[in-house]
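S.K.: got a predicted structure plus its sequence, pasted below:
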2 protein chains.
Amino acid sequence: MSNNNFKIVEGAISTPKGFQASGIACGIKASGKPDLALIYSDVACSAAAVFTTNKVIAAPVIISKEHIKAGKAKAILINSGNANACTGEEGMKNTKKTISAAARELEIDEKHILTASTGIIGKQLPMDKLLDGIKKAISEKSKEGASDAAQAILTTDTFAKEVVVKLETAMGDVHISGMAKGSGMIEPKMKSAHATMIGVITADIAMEPKDLDALLRNFCDETFNMLSVDGCQSTNDCVFALANGQSGISFDEVKKDFSAAFYYVCEKLTEMIAKDGEGATKLIKVNISGADSDFEAKKIAKEIVNSDLVKSACFGNDPNWGRVLAAAGAAGCSLDENKAVLKLQGKALFEEGKPVNFYASDMSETMKSKELVWDLDLNLGGGKATAWGCDLSYDYVRINAEYRT
Amino acid sequence: MSNNNFKIVEGAISTPKGFQASGIACGIKASGKPDLALIYSDVACSAAAVFTTNKVIAAPVIISKEHIKAGKAKAILINSGNANACTGEEGMKNTKKTISAAARELEIDEKHILTASTGIIGKQLPMDKLLDGIKKAISEKSKEGASDAAQAILTTDTFAKEVVVKLETAMGDVHISGMAKGSGMIEPKMKSAHATMIGVITADIAMEPKDLDALLRNFCDETFNMLSVDGCQSTNDCVFALANGQSGISFDEVKKDFSAAFYYVCEKLTEMIAKDGEGATKLIKVNISGADSDFEAKKIAKEIVNSDLVKSACFGNDPNWGRVLAAAGAAGCSLDENKAVLKLQGKALFEEGKPVNFYASDMSETMKSKELVWDLDLNLGGGKATAWGCDLSYDYVRINAEYRT
């Protein structure tokens, strides 16, 4: 995906034409931080979504799965601080009430609202606060306030994750914006996606829901689904995509360029989530090539990025390539250690079945980088994949041992 | 397996009749701690083994897999401090030299020697030290010195793992002894087993290799293969079983009782390894019942015991049952949250699709136990399984970030 025709620009989730957004604090979070986000399109959008494949799924996921079937939406409402998962019938009723209230206030069809929640599992939503919050979020929606939305969906995240790209075409500009949250319980396996990661992508392109759906699913498999902070799949993962046509340019006219830009947004959000993994001090990227198939390459990349031993070694700046190979070999895929070449930061550490001599102290110095890249070429076939993850630090343990139910 | 006819007794790996053992320091470990163990039977034994299914496998695993085919062995030689994995042709030659030297010294067939290694990956064995060590280990083998053997196979373990049982039969006594090591890189999936875990089981029963093999494989699937310290499969995992017939009692005469005793040895070693997981402050046991099948029960139990979020919560004494359910739901198996009942230390936390009220502070107090038991009844079918693991502590990160290549 080189030679791209898009530019990264300043902006927020509401940058594409016809979108507005807001982010407010309604009191779900005891900290008083923003916890309710609204993304709104002036006109009905083509909509697509991918959701967690966890068998335990939150009420908002159940409802949004139903609503997305028609491929149309006008608004997305997301709360943080409470996942509304494992909350039984009352939880379902609460999500329905939330949607009804928002639909009434926005004067739109309930079915045109998508919703997501993230936060603690097993507690009922504080409905009074939430219903008041919905009114406030709707009254405050604007073109400018959109970065508040990216703040309002965060949980243990340390920074808001936004990316905006502009595609310049002969017919005019198309904008695509993405925002996401995700820090822990992150290994989304979203089918049509997986983690509590939540992502929203808006675009002012005109396209059919089925095309948007195909694009999102395919790219999700290459990006969000190749992300793992801790190997733990959430009950609430979802990524929504909205395309409202307000640029006046249609997907069919700029298919290739739009796809490349859309992919970039997915990849960039994935990378930002990995970088902000709970307790992470560095991003880890694992590139597999020469695998028997892309499927096997993905399995191997995921096994490495999920290895607590590899992650701990990266945290300690230890070039412990043996752990990387052991993880690769544990994936249950074709691998011949005599053919494999393993590199760290572009330097070969293992080839021809044996270690390459290197100075551990030099390599350890190199590993102090905030971004570590492991390249493993299996030299077997044409399969390739990339996975994104992060190191395992004391802070991951602290955050997750201290987090109270 | 209640109403067992065996007793747990004092002893070591050489307690069954006709076995001797030794454990010495030959200098592989820089610390000067014991690093070479020998287990020896006066007569040829029926032998069985299960090995790692990792695609990257250590030289000693390749050789032992070859030797076990005949179902006969007289000696097992195990070194710690060096895994002899990812060491190419030189590594293979070194393992062959090791076996030749031991065979010559013991005056037995090379094929009757099994071998295993554990420790750092990617370094060549210090052969001079090892060859001198073999002579010493052989000269020091005895009935009494056997607990040294259990010491000599340790790496990051904090205690030696041994268990001895005595089966009293009408014809006389049968003894079964087990010893094991394993602390990190532990999720053995040994096929006929998985982790660097290494286990040795000796018995003075008379039985055919095929019966011993069947027993070991079946029980391995229920015990060692249901163990995970960190979800990382090693290149070196193996469990060896030897039966030398010196009690004069045959397996066919005491099949049921011997099987129960053998299972107990496997289960006890598994539990000890989990308890001594790197950095572990407590043992975690997960019992699944009511699953669609035993296969699904195993997958769910493993997913829970492997969840870094569940493990961190256990470390923090946080009864975060939502993480347990989320992990169960991520296993890709049948699960209906409205039917599931989840208990911690015998107390229900979730049932009928919603949380059971409890005092978090009381439960947190209860969780200070050194052994946590989660019971999840899916109420779907007859499938059941148990998995063993441990919590995720600061020390796990410290141990694995500081360990140097």
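M.R.: Looks like it came in fine.
S.K.: where in chain A is pLDDT low?
M.R.: Residue ranges of chain A with pLDDT under 70: A:1-3, A:186-195, A:403-405.
S.K.: does the longest helix anywhere in it reach chain B?
M.R.: Using DSSP state H, we find that the single longest helix of chain A is helix A:255-275. No - for helix A:255-275, no contact with chain B is found by CB under 8 Å from any CB of the partner chain; the gap never falls below 15.2 Å. For glycine as for every other residue, the C-beta is placed from the backbone atoms N, C-alpha and C.
S.K.: next SSE after that helix?
M.R.: strand A:283-291 (DSSP states H and E).
S.K.: quick one: work out the angle between that next one and helix A:255-275.
M.R.: 130 degrees (axes from the mean of the first three to the mean of the last three CA atoms, to 10 degrees).
S.K.: give me the helices and strands touching the helix or strand just after strand A:283-291, please.
M.R.: In the C-terminal direction, the helix or strand that comes right after strand A:283-291 (DSSP H and E) is helix A:294-305. Judged by 3 or more CB pairs under 8 Å, 6 or more residues apart in numbering or on different chains; DSSP states H and E, helix A:294-305 is in contact with strand A:283-291, helix A:321-329, strand A:371-377, strand A:383-390.
S.K.: which residues sit against the helix or strand that comes right after helix A:294-305?
M.R.: Remark: after helix A:294-305, the chain's next helix or strand is helix A:308-315, criterion DSSP H and E. Contact with helix A:308-315 is made by A:281-282, A:284, A:304, A:319-320, A:323-324, A:326-327, A:367, A:372, A:389-393, B:184-185, B:230-232, B:308, B:392, B:396-397, B:399-401, B:403, B:405, as judged by CB atoms under 8 Å, 6 or more residues apart in numbering or on different chains.
S.K.: strands of the stretch 101-250 of chain A, start to end?
M.R.: Using DSSP state E, counting those that start in this stretch, the strands of the stretch 101-250 of chain A run over residues A:113-120, A:161-169, A:172-181, A:198-203, A:238-243.
S.K.: for those strands, which one sits closest to chain B?
M.R.: Closest to chain B of these, according to CB to the nearest CB: strand A:113-120, at 7.2 Å.
S.K.: CA atoms only: put the closest one into CSV for me.
M.R.: Provided in CSV are the C-alpha atoms of strand A:113-120 (Å, rounded to 0.1, in the frame of the first residue of the first chain):
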residue,chain,number,x,y,z
ILE,A,113,-28.9,4.1,16.3
LEU,A,114,-25.9,1.9,17.0
THR,A,115,-24.5,1.6,20.5
ALA,A,116,-21.5,0.3,22.4
SER,A,117,-20.4,0.1,26.0
THR,A,118,-17.0,-0.5,27.7
GLY,A,119,-15.9,-0.6,31.3
ILE,A,120,-16.7,-2.9,34.2
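S.K.: please name the nearest non-neighbouring residue to A:S100.
M.R.: A:E110 (6.2 Å; CB to CB, 6 or more residues apart in numbering or on different chains).
S.K.: what's the one you found in contact with, if anything?
M.R.: A:67, A:99-100, A:103.
S.K.: please report how far it lies from A:A101.
M.R.: Distance, A:E110 to A:A101, using CB to CB, to the nearest Å: 10 Å.
S.K.: what does A:A180 give?
M.R.: 25 Å.
S.K.: between these two, tell me which one has more neighbours.
M.R.: For A:A180 versus A:A101, the count of surrounding residues by other CB atoms under 10 Å in any protein chain shown is larger for A:A180: 27 against 21.
S.K.: that one bridge partners, please.
M.R.: A:K161, A:G199 (DSSP bridges).
S.K.: before we move on, what about A:S289?
M.R.: In this entry, A:S289 is beta-bridged to A:D377, by DSSP bridges.
S.K.: what residues does the stretch 51-200 of chain A put near chain B?
M.R.: Residues of the stretch 51-200 of chain A lying near chain B (CB under 8 Å from any CB): A:53-57, A:83, A:85-91, A:120-123, A:184-185, A:187, A:189.
S.K.: of all of the stretch 101-250 of chain A, which residue lies closest to chain B?
M.R.: A:I121 (2.8 Å).
S.K.: touching, that residue and A:C86? I think so.
M.R.: Yes - counting by CB atoms under 8 Å, A:I121 touches A:C86, with 5.3 Å between them.
S.K.: what sits in contact with each of these two?
M.R.: Residues touching both A:I121 and A:C86 by CB under 8 Å, 6+ apart: A:235, B:322, B:325.
S.K.: surely the first one meets A:G91?
M.R.: Translated: A:T235. No - assessed by CB under 8 Å, A:T235 is found out of contact with A:G91, at 11.1 Å.
S.K.: who has more neighbours out of these two?
M.R.: A side-by-side neighbour count of A:T235 and A:G91, using other CB under 10 Å, places A:T235 first with 28 against 25.
S.K.: how about the contacts made by that one?
M.R.: A:T235 is in contact with A:52, A:54, A:56-58, A:61, A:83, A:85-86, A:121, A:196, B:322, B:325-326, B:329, counting by CB under 8 Å, 6+ apart.
S.K.: same check on A:G27?
M.R.: Neighbour list for A:G27: A:35, A:126, A:129, A:133 [criterion: CB under 8 Å, 6+ apart].
S.K.: okay if I get the residues you listed as TSV plus neighbour count and distance to B:V254?
M.R.: Below are the contacts of A:G27 laid out as TSV (neighbours: other CB atoms under 10 Å in any protein chain shown; distance: CB to CB, whole Å):
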residue	neighbour count	distance to B:V254
A:D35	29	65
A:P126	16	64
A:K129	17	68
A:G133	24	70
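S.K.: re earlier: mind putting the helices and strands packed on helix A:294-305 into TSV with mean neighbour count and distance to B:L77?
M.R.: Listed next are these as TSV, based on neighbours: other CB atoms under 10 Å in any protein chain shown; distance: least, CB to CB, whole Å:
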stretch	mean neighbour count	distance to B:L77
strand A:283-291	22	36
helix A:321-329	28	22
strand A:371-377	20	33
strand A:383-390	24	38
